[in-house]
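K.L.:
Fold the stuff below for me.
(one chain, ligands or ions: 1)
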Amino acid sequence: MSKDDDKLKHSKRIYQKDNVVKNKMKVAKAYGWKHVLANPHKYLKCSLFSCGNSNCIFCMNPRKAFNEKTMQEKKFDAKIKADKNQDE
Ligand SMILES: [Zn+2]
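P.N.:
Below you'll find the model as predicted:
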């Protein structure tokens with residue numbers, strides 16, 4: 001790969017990150033969150049709406065909160081059940 005392509009990809013990544021930050025700042029301005037506006041890049045990779053507490057019932061994964069199995073786990077259990085029935 002040539003140097004020009006690398007430079008182009010790098011500048012594209014920077015541009016995309018800037019756009020994400022810009023859009024999040026729009027939301028933060030609308031809600032009037034000063035802590036977000038003070039550190040714009042802090043929230044680049046996490047949600048603005050998360051409070052930061054992993055045990056918070058409003059922010060956590062609902063699947064974990066209500067103790068439900070994932071789709072993958074359900075499929076796996078069904079497969080095991082089907083295999084058991086086939087063996088008998
Ligand atoms: Zn929360």
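
K.L.:
any idea which helix or strand carries the residue most central in space within the chain?
P.N.:
Among the residues of the chain, the one closest to the centroid is C46, at 6.6 Å (CA atoms, centre = their mean). Following DSSP states H and E, one finds C46 outside all helices and strands.

K.L.:
Kindly report the same for K12.
P.N.:
helix 3-31.

K.L.:
any low-confidence regions in the protein?
P.N.:
Along the chain, segments meeting pLDDT under 70 span 1.

K.L.:
per-domain residue ranges of it.
P.N.:
Domain segmentation of the chain under automatic domain parsing yields 1-49, 55-88.

K.L.:
how about the first one, does it reach the ion?
P.N.:
No. Among the residues of domain 1-49, none lie within reach of the ion under CB under 5 Å from the ion; the closest is 8.1 Å away. C-betas here are computed from N, CA, C, even on glycine.

K.L.:
chain center to that domain, what's the gap?
P.N.:
Mean-position distance between domain 1-49 and its chain equals 15 Å (CA atoms, centre = their mean, to the nearest Å).

K.L.:
what number of residues lie near V36?
P.N.:
Counted with other CB atoms under 10 Å, residues neighbouring V36 total 17.

K.L.:
contacting residues around it?
P.N.:
Counting by CB atoms under 8 Å, 6 or more residues apart in numbering, V36 makes contact with K24, M25, A28, K42, Y43, L48.

K.L.:
just those residues now: which is nearest the ion?
P.N.:
L48 (11.8 Å; CB to the ion).

K.L.:
surely that closest one meets K29?
P.N.:
No. Between L48 and K29 there is no contact under CB atoms under 8 Å: 11.1 Å.

K.L.:
gap between Y15 and L8?
P.N.:
Between Y15 and L8 the computed distance is 10 Å (CB to CB, to the nearest Å).

K.L.:
Residues that sit against both of the two, list them.
P.N.:
Overlap of the contact sets of Y15 and L8 (by CB under 8 Å, 6+ apart) is empty.
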